[in-house]
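# no letters, just coordinates:
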Ligand code: TYD
């Protein structure tokens with residue numbers, strides 16, 4: 001039986017999520033919207049949705065081959081993907097390999113220093129609060145996640161980081177940091193959700209330091225489409 005879209009469930013910053021005739025499934029539609037700084041900076045970029053959908057599915061597949069469980073069930077067309085319906089955990093997990101962004105600002109250090117081992121940080125998923133940093137115990141105390149869920153999410157985030165870091169290293173790109181989100185499926189197990197895009201990580205070309213991620217958009221939105229096309233070319237070896 002095919003799964004049909006019913007009502008709109010949620011409209012995100014780069015995708016529209018609909019309920020379907022199957023209660024445990026949703027359809028995510030990637031849109032051409034691009035945002036940064038929690039939606040403060042916005043642009044509509046032709047072809048962005050198709051590129052994002054393609055990239056995210058590509059990386060979900062790569063991760064599944066490396067024992068990462070995720071929510072993507074099937075690619076329906078250029079922009080639409082059938083996913084498991086989940087209860088999204090309100091904790092965002094960031095893994096860092098090289099100092100950048102808020103870690104550099106918060107600790108008063110320059111960007112660019114390699115960390116001795118990958119470092120995990122947790123943030124509260126909250127637009128009004130601008131996703132603040134939170135400690136493990138505070139996340140548990142506030143009921144954002146159970147200790148075992150955080151352990152599992154942390155282990156999965158480190159595995160995801162390792163797979164993506166090796167993948168990009170082979171293409172002469174450093175994975176500086178990566179953000180992942182998890183959701184609980186109907187059986188209560190956390191799986192990787194959301195999308196895997198240059199929006200949620202930092203990619204720096206080795207040697208030149210050229211940025212292949214959303215920092216390009218944050219500084220100059222005009223260059224984003226070309227940068228993402230370059231990421232698709234490098235990741236998949238094919239035309240976007
Ligand atoms: P971070 O350095 O904490 O923040 P910023 O990008 O604002 O300087 O972000 C680390 C990485 O995680 C970076 O690649 C962006 C990504 N990220 C998100 O995409 N969403 C989030 O809510 C958070 C906290 C991080």
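That came through fine. Please read these numbers as outputs of a predicted model, since none were measured by experiment.

# what kind of secondary structure is residue 46 in?
Three-state assignment for residue 46 (DSSP: H, G, I helix; E, B strand; the rest coil): coil.

# sec struct for residue 162, please.
Here residue 162 is recorded as helix under three-state DSSP.

# ok, how many other residues are close to it?
15 (other C-beta atoms under 10 Å). All C-beta spots, glycine's among them, are computed from the backbone N, C-alpha and C.

# close to the ligand: what parts of the chain are there?
Of all the residues in the chain, those in contact range of the ligand (C-beta under 6 Å from any ligand atom) are 92, 94, 100-103, 123, 131, 177, 179, 199-202.

# just how off-centre is stretch 139-156 within its chain?
18 Å (C-alpha atoms, centre = their mean, to the nearest Å).

# what of stretch 54-61?
On the basis of C-alpha atoms, centre = their mean, stretch 54-61 is displaced by 11 Å from the centre of the chain it belongs to.

# pull the residues that contact that stretch.
With contact meaning C-beta atoms under 8 Å, 6 or more residues apart in numbering, stretch 54-61 is reached by 30, 70, 72, 75, 78, 81, 164, 192, 195-198, 228, 231-232, 235-236, 240.

# returning to what we had before: where is pLDDT lowest across the residues of the chain next to the ligand?
Among those, residue 199 carries the weakest pLDDT, at 82.

# tally of neighbours for the spatially closest residue to that one that is not a sequence neighbour?
Distance criterion C-beta to C-beta, 6 or more residues apart in numbering; nearest residue to residue 199, sequence neighbours excluded, is residue 214 at 4.7 Å. Residue neighbour count, defined by other C-beta under 10 Å, stands at 21 for residue 214.
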